[in-house]
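J.: I would like to see how this sequence folds:
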Amino acid sequence: MPDPTETVAIAAPEKPVVSRYFLRFTLAQRYLHAVLFTTFLVLAATGLMMRFSGSIWAIRFARAVGGFGAILFFHKFCALVLTLAFLIHVREIFARGLFKHEKGIFWGPTSMVGNWKDVKDLLGHFRWFLGLGPKPRFERYAYWEKFDYWAVFWGMVVIGFSGYAMWFAPFFAHFLPGWALNAVLVIHSEEGLLAILFIFSIHFVNTHLRPDSFPMDMVIFTGRESEEEFKNRRPKEYERMLIEGKAAARITDAPPRWLINFSRVVGFTAILIGLTLLVLALSAYFVG
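T.: Residues are numbered from 1 along each chain as shown. Have a look, this model is predicted:
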């Protein structure tokens, strides 16, 4: 029988481990991305309908929205919005790099400009896929993220210029020969189709369907990522941040539940629309 005077030690409950969160994308960057993917979805949908105007699905949708004239209106409107967002982005880059003298905009570990490390990471990734070496330790932006960025940047210039050349053909006729105005129609159509195929296949796979992001990478919507995600995905940046003493400046609150749910709805909706447009584009291109 236990002694009633004996003191029984009760172990204190362990405190739950609270994961820290770090800011990856600012609110302005997330808004810009929202404008980018929203306008691109509309441009892709309306562009495909005009490219494959003889398809049954394009004809039926055109009738539902008021004809191909309405589709062209939405296409041009979203083109203007996307152009404005692109110019704002370019202005911010040059303002930060040339006037505010921020280091790392045009070169270095935090830049979107490719460097020799990206080449080594690409080759190292292939070796890792084949089981011939360790997984590369990525910096702030991996090589495929830079490839995605510059593919979009190049597409904005080529598709945008060719589109405006068709839109304002009388003006551009003062500077371009007739054959060039015919060429921009082909360029705009083929580059637009290439952009659709790239974004809805390569970009979706790179961003959302990788094993460490499946089924969707939420960071572009919430702007935040946990410390565990940070260390696993970009260990070189994580270590550099600790060495430079910049960790405290990037610590932020965990994303609220409403933002996570909202991001999931928006993200999965965009992916579903994109994959649907990809199937329609391939079926119209190869089947007719």
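J.: Can you show me the helices along the protein?
T.: 27-51, 56-65, 68-94, 116-129, 143-167, 169-172, 178-197, 204-208, 219-222, 227-233, 235-243, 247-250, 257-286 (DSSP state H).
J.: hey, which helix or strand in this structure has the poorest pLDDT?
T.: Lowest by mean pLDDT, DSSP states H and E among the helices and strands of the chain is helix 204-208, with a mean of 84.
J.: How far does it sit from its chain's centre?
T.: Taking CA atoms, centre = their mean, to the nearest Å, one finds helix 204-208 lying 9 Å from the centre of the chain it belongs to.
J.: what do you get for stretch 238-251?
T.: Centre to centre, stretch against its chain (CA atoms, centre = their mean), the figure for stretch 238-251 is 24 Å.
J.: in that stretch, what's buried?
T.: 238, 241 (16 or more other CB atoms under 10 Å). Any C-beta I mention is one placed from the backbone N, CA and C, and that applies to glycine too.
J.: ok, back up a step: CSV please, covering the helices of the chain and showing distance to residue 136.
T.: Converted to CSV, the helices of the chain look like this (distance: least, CB to CB, whole Å):
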stretch, distance to residue 136
helix 27-51, 25
helix 56-65, 42
helix 68-94, 26
helix 116-129, 4
helix 143-167, 9
helix 169-172, 45
helix 178-197, 27
helix 204-208, 15
helix 219-222, 19
helix 227-233, 11
helix 235-243, 9
helix 247-250, 22
helix 257-286, 27
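J.: which one of the ones you listed has the most crowded surroundings?
T.: Among the helices of the chain, helix 219-222 has the highest mean neighbour count (mean count of other CB atoms under 10 Å), at a mean of 21.
J.: average pLDDT across that helix?
T.: Helix 219-222 shows a mean pLDDT of 93.
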